[in-house]
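Asks: 3D model of this:
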Amino acid sequence: EVQLVESGGGLVQAGGSLRLSCLLSGFTIDRYTIGWFRQAPGKGREGVSCITTSDGTTWYADSVRGRLTISSDSAKNTVSLQMNSLKPEDTAVYYCNVVPPLQNYWGQGTQVTVSS
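Replies: Modelled structure (predicted):
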């Protein structure tokens, strides 16, 4: 059974940092591009960053480039998102999924709240 479980969210002040983790089971990440997505209140889900684990290629949305860093650990089958210099507009539920995302792979997400 495929599962993606996000963790690491929380409440932080603007300028603070958080590290999100995505633990994947049921498949190995080495064959996939894994992405982080977020959904803010009243808005649609958007892509934030992704990594092609086989070669380390990364992509970032313009709104987060320079502040967020994605990484992967094949031994632990995890993908992490280091979030620095957080802004109130980063407040959202953060999800991980393969790229392009599959509907039945969405997990519960992890809430990130940035106070001003």
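Asks: CA atoms for contacts and neighbours, from now on please.
Replies: OK.
Asks: what helix or strand does the residue nearest the centre of the chain sit in?
Replies: What sits nearest the mean C-alpha location of the chain, by Cα atoms, centre = their mean, is W36, with 3.0 Å. Applying DSSP states H and E as the criterion places W36 in strand 33-39.
Asks: which strands border that strand, and is each parallel or antiparallel?
Replies: strand 45-52 (antiparallel), strand 92-98 (antiparallel) (DSSP bridges).
Asks: could those strands be laid out in a markdown table, adding mean pLDDT?
Replies: Shown next, in a markdown table, are the strands paired with strand 33-39 (pLDDT from 0 to 100):
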| stretch | mean pLDDT |
| --- | --- |
| strand 45-52 | 97 |
| strand 92-98 | 97 |
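Asks: okay, those strands, which one's buried deepest?
Replies: strand 92-98 (a mean of 24; mean count of other Cα atoms under 10 Å).
Asks: may I have whichever helix or strand comes after that strand as PDB, with CA atoms only?
Replies: Using DSSP H and E, the helix or strand that follows strand 92-98 in sequence is strand 110-115. This file holds the C-alpha atoms of strand 110-115, laid out as PDB (Å, rounded to 0.1, in the frame of the first residue of the first chain):
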ATOM      1  CA  THR A 110       0.900  19.200   7.600                       C
ATOM      2  CA  GLN A 111      -0.200  22.700   8.700                       C
ATOM      3  CA  VAL A 112       2.300  25.600   8.500                       C
ATOM      4  CA  THR A 113       1.200  28.800  10.100                       C
ATOM      5  CA  VAL A 114       3.400  31.900  10.000                       C
ATOM      6  CA  SER A 115       2.400  34.800  12.200                       C
END
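Asks: that concludes my questions; thank you for your assistance.
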